[in-house]
Every structure is written in structure tokens, then in C-alpha cells.
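Chemist: next comes the sequence, and after it the predicted model I'd like to discuss.
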Amino acid sequence: MDLLRAYSNRSDLAYDLARVLDRLPGGSSDEPPEAVSVRSEAPTLGEVRIRDRLSPEQIAQLVARFEAGTAKLKLAVEYGISESSVKRLLRKASGG
């Protein structure tokens, strides 16, 4: 495993890591580092917006069901969103 590249921007850490790698069997800091991606594979904010996941019809249905007495937590589970997202949708629907 090549950890040296991940620490290459911090010379103090890179030096210590290189010394540790030299002491490991088969490990050498003299080998050229492999290209390693440190980019997260999590979706970005734009990909996870509630309004992108729920259609306007689904949001209207959620609001109507809440007004009919369905609990926020139950709505969150059924629609696959967090309870805080349900609260936010209800607040926006009421004009708040």
C-alpha cells in the first residue's frame, strides 16, 4: 500500500512515513508512487436534494398525509428521507 503519496504535501509527515516504510519488509519509499484518488465517491449536494428525489406530486401527497394525521417519522420512513427533511418540506409548504 502506498501511503507516501497521501502525505506528500506535508513534508514533516512524509519524512516520518518514509522512515516507517523503509523498515517494513518489502516496503521502500524509493518506489514511484501510484496515482491514488482521494476524491469521495459520495454524491454531491446537487445530487441529493429532496426536491430532486421527490416529485412535486409526492411532496403534495406527503403534506396532505401529514395534515390528515400521519406522523412525520412514518412519512420519513415511507418516502426514504430523514425526518428533518420531512419537517423542512412541511415548513416550505406552509409558507415558512
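Modeler: Great, that's in hand. Everything numeric here is computed off the predicted structure, so don't read it as measured data. Numbering: from 1, shown residues only.

Chemist: got the buried residues for stretch 83-96?
Modeler: The neighbour-count criterion (16 or more other Cβ atoms under 10 Å) identifies S85, V86, L89, L90 as the buried residues of stretch 83-96. C-beta: built from backbone N, CA, C; applies to glycine.

Chemist: just these: which are in helices?
Modeler: Judged by DSSP state H, helices contain the following of the buried residues of stretch 83-96: S85, V86, L89, L90.

Chemist: now render those as JSON lines, adding pLDDT.
Modeler: Below are these laid out as JSON lines (pLDDT from 0 to 100):
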{"residue": "S85", "pLDDT": "90"}
{"residue": "V86", "pLDDT": "93"}
{"residue": "L89", "pLDDT": "92"}
{"residue": "L90", "pLDDT": "94"}
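
Chemist: which among these gets closest to R19?
Modeler: R19 lies nearest to S85 out of these, by Cβ to Cβ, at 48.3 Å.

Chemist: and the ones in helices among the buried residues of stretch 83-96 as a markdown table, adding distance to R51?
Modeler: Formatted as a markdown table, those follow (distance: Cβ to Cβ, whole Å):
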| residue | distance to R51 |
| --- | --- |
| S85 | 10 |
| V86 | 13 |
| L89 | 8 |
| L90 | 14 |
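
Chemist: hmm, S82 is touching L75, no?
Modeler: No. Using Cβ atoms under 8 Å, S82 and L75 do not qualify as a contacting pair, with a distance of 10.7 Å.
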